[in-house]
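In: take a look and give me a structure for this.
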Amino acid sequence: MNREELRAAIVGSDDLPREPVDVPWDLGGTKLYVRALTASEKDAYVAKTMPTGEFIWTNDLTASLLVKVIVTDDGERIFSDADVIVLGGKGSATLSKLFKVAMRLSGMNEEGADQIEAGFTQAQSEPSDTG
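Out: Predicted coordinates for the structure are as follows:
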């Protein structure tokens, strides 16, 4: 292959793995899939959550990742970025399950997902100054 053919083959390849995930939502028999983040999506997510190199908890951390990776069986996104608040209102156990799959498929370790989840649990149990 020459340079142009190689470029076309790389650009045209479907290299975003996806897998079905069982969820408790009634989807009428349709399977829900989670796909890997693209490199640009991953970079943006890491920049948002670790702007100084240390993890920083942000609102809707889980949902902001999941709106990008919950897809149909052919890889088409189901949610837009504007759906973060809506998706963030769903049950945390289901979203945590989807989040772990997304982290693994995207080359981010599940240990990181467990740390984020632990931070979420801790943040939820701490008293709020807004009450």
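
In: now residue 15: phi and psi?
Out: Residue 15 adopts backbone torsions of phi -110, psi 20, taken as degrees, to the nearest 10.

In: next up, the contacts around it.
Out: With contact taken as CB atoms under 8 Å, 6 or more residues apart in numbering, residue 15 is in contact with no other residue. For the C-beta atoms, the positions are set from N, CA and C on the backbone; glycine is no exception.

In: tell me how far it lies from residue 43.
Out: Using CB to CB, to the nearest Å, one gets 16 Å for the distance from residue 15 to residue 43.

In: kindly report the same for residue 21.
Out: Residue 21 sits 24 Å away from residue 43, going by CB to CB.

In: looking at those two, which is more packed in?
Out: Legend: neighbour count by other CB atoms under 10 Å for residue 21 and residue 43, higher for residue 21 (16 against 11).

In: give me every residue that touches that one.
Out: For residue 21, the contacting residues are 32-34, 97-98, 101, by CB under 8 Å, 6+ apart.

In: who does it bridge with?
Out: Here residue 21 sits in beta bridges with residue 32, going by DSSP bridges.

In: JSON lines please, covering the contacts of residue 21 and showing pLDDT.
Out: Output for the contacts of residue 21, formatted as JSON lines (pLDDT from 0 to 100):
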{"residue": "32", "pLDDT": "94"}
{"residue": "33", "pLDDT": "98"}
{"residue": "34", "pLDDT": "98"}
{"residue": "97", "pLDDT": "94"}
{"residue": "98", "pLDDT": "96"}
{"residue": "101", "pLDDT": "95"}
